[in-house]
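Peer 1: With the sequence up front, the predicted model follows.
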Amino acid sequence: MIDIRSAEDSRDVVHRAVQALAEGKLVAFPTETVYTVAASVLNTDAMARLAALQQPSALIELAVKSADELIDYVPSVSPLAQRLARRCWPGPVTLKIDDSSPESLLAQLPPSVQHALAPEGALNIRVPAHQVFRDTLRLLTGPVAFTSVPLGGDCEAQSAQEVVDCLGDRVQLVLDDGRSRYGQPSSLVRVRAGDFEVVRPGVVSEQTLRRLSSQMFVFVCTGNTCRSPMAAGIMRKLVADKKGIKQSEVADHSILIESAGISAMMGSRPSPEAVTVVAKMDIDLRDHESQPLTEQLVQHADLIFAMTRSHRAAILSHWPTAADRVKLLCRDWTDVPDPIGGPPEQYQRCAQQIRLALESWLPELDI
């Protein structure tokens, strides 16, 4: 057993774990939920020993480095599953997803390993949040499978000592980081095309998962006081009209619409001209407060609409992995010029350009 807390350099612990897994040993890791026992999926013998440890009440889950790897194992992954992975990982949510695609990396593993990971054709997959576990995944060739250590009833091992007492020398290396943070299992969420079901309640409640499953559209300009708030307001109006609901009810229908600026200050008010122009379209921007574009907004957004090509380039330079979700608002690749300081007619033309662009996007959006 190695006490991570007393290690002079946690990298030494990570290297010990990587070496043990590569040699086909079973390693017990702390996670944010409970303690788990892990094996390299590239080692058939280790996977067989891990499967022998599995209790009927426990799962064998696949641990991957990031949400970006989900599509490697589930090529037909739905937008909903991608959204939940992007917003919940790393963290205490396990996604259970059906997939039998021959293009899946799972299909390249030995049949016995495939059966252990997806016994009913559904893969249980997660990115654990514990840093040592994540660092081990980053250095190891190939992913890791892991299972919890049931102690009887609904209890699972929450400390390294409980792992040792339960499994003894059947686990070759145990990493000790004190008691688990949450002390309960991850939420197991079965995701199908357009909906999900909480199969096993856990750390994250169904109410929170419902909120996290909402679609989110983010509009981006420079200062978030004119173009992007107008775009968000017009989008909210178009969605409300399409669904036959009030603009204030759009969020209740699992559609979140935000705006931000790449150089915005927090809390600035919208330009008076923008408020006046969209008011004529039955849109109220008076309560808008500016905000900068943040890592969390980018990570959570399903689509990010940039007002200009330079805005899009600035977003991609900071968040290149979001490239497939960052769009130029005008599909003919023209910019939406900044009307700030211009006459009311310039604001009116800006709002009209935004509205026409959004109307061209609306049929393609799943709303």
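Peer 2: Looks like it arrived, so ask away. For clarity, every value in this text was computed on a predicted model and none was experimentally measured.
Peer 1: neighbours around Val164, how many?
Peer 2: 18 (other CB atoms under 10 Å). No exception for glycine: its C-beta is placed from N, CA and C like everyone else's.
Peer 1: What strand or helix carries the closest residue to it other than its chain neighbours?
Peer 2: Leaving aside its sequence neighbours, Val164 sits nearest to Val174 (CB to CB, 6 or more residues apart in numbering; 5.9 Å). Element membership for Val174 (DSSP states H and E) is strand 173-176.
Peer 1: Could you tell me whether Asp260 really is in a strand?
Peer 2: Not Asp; residue 260 is Ala. Yes: counting by DSSP: H, G, I helix; E, B strand; the rest coil, Ala260 is located in a strand.
Peer 1: beta partners of it?
Peer 2: Val220 (DSSP bridges).
Peer 1: Surely it is in contact with Met216?
Peer 2: No: the criterion here is CB atoms under 8 Å, and Ala260 misses it with Met216 at 11.6 Å.
Peer 1: so what's the residue nearest to Val164 up against?
Peer 2: Each residue near Val174 by CB atoms under 8 Å, 6 or more residues apart in numbering is listed here: 1-2, 27-28, 160, 163-164.
Peer 1: repeat for Ile315
Peer 2: So Ile315 contacts 220, 262, 293, 298, 304, 306, 322, 326 (CB under 8 Å, 6+ apart).
Peer 1: quick one, what contacts the third one?
Peer 2: Read it as Leu293. Neighbouring residues of Leu293 by CB under 8 Å, 6+ apart: 218, 220, 260-262, 264, 315.
Peer 1: Redo those as JSON lines? Include distance to Gly233 and pLDDT.
Peer 2: Below are the contacts of Leu293 laid out as JSON lines (distance: CB to CB, whole Å; pLDDT from 0 to 100):
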{"residue": "Val218", "distance to Gly233": "14", "pLDDT": "98"}
{"residue": "Val220", "distance to Gly233": "15", "pLDDT": "98"}
{"residue": "Ala260", "distance to Gly233": "14", "pLDDT": "98"}
{"residue": "Gly261", "distance to Gly233": "15", "pLDDT": "97"}
{"residue": "Ile262", "distance to Gly233": "19", "pLDDT": "97"}
{"residue": "Ala264", "distance to Gly233": "16", "pLDDT": "95"}
{"residue": "Ile315", "distance to Gly233": "21", "pLDDT": "98"}
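Peer 1: Top of the residues you listed by number of neighbours, please.
Peer 2: When neighbours are counted by other CB under 10 Å, Val220 leads the contacts of Leu293 with 30 neighbours.
Peer 1: wait, what's in contact with it?
Peer 2: 228, 259-262, 293, 304-307, 311, 315.
Peer 1: quick one: Gln247 from Val239, how far?
Peer 2: Per CB to CB, to the nearest Å, Gln247 is found 8 Å from Val239.
Peer 1: These two: who's more crowded?
Peer 2: A side-by-side neighbour count of Gln247 and Val239, using other CB under 10 Å, places Val239 first with 22 against 17.
Peer 1: Am I right that that one is in contact with Ala251?
Peer 2: No: Val239 lies out of contact with Ala251 (CB under 8 Å); the separation is 10.2 Å.
Peer 1: shared neighbours, the two?
Peer 2: Joint contacts of Val239 and Ala251 (CB under 8 Å, 6+ apart) are Ile257.
Peer 1: in the stretch 151-300 of the chain, which spans are helices?
Peer 2: 160-167, 206-212, 227-243, 272-279, 295-300 (DSSP state H, counting those that start in this stretch).
Peer 1: Out of those helices, which one sits most buried?
Peer 2: Among the helices of the stretch 151-300 of the chain, helix 227-243 has the highest mean neighbour count (mean count of other CB atoms under 10 Å), at a mean of 23.
Peer 1: average model confidence for that helix?
Peer 2: Confidence for helix 227-243, expressed as mean pLDDT, is 97.
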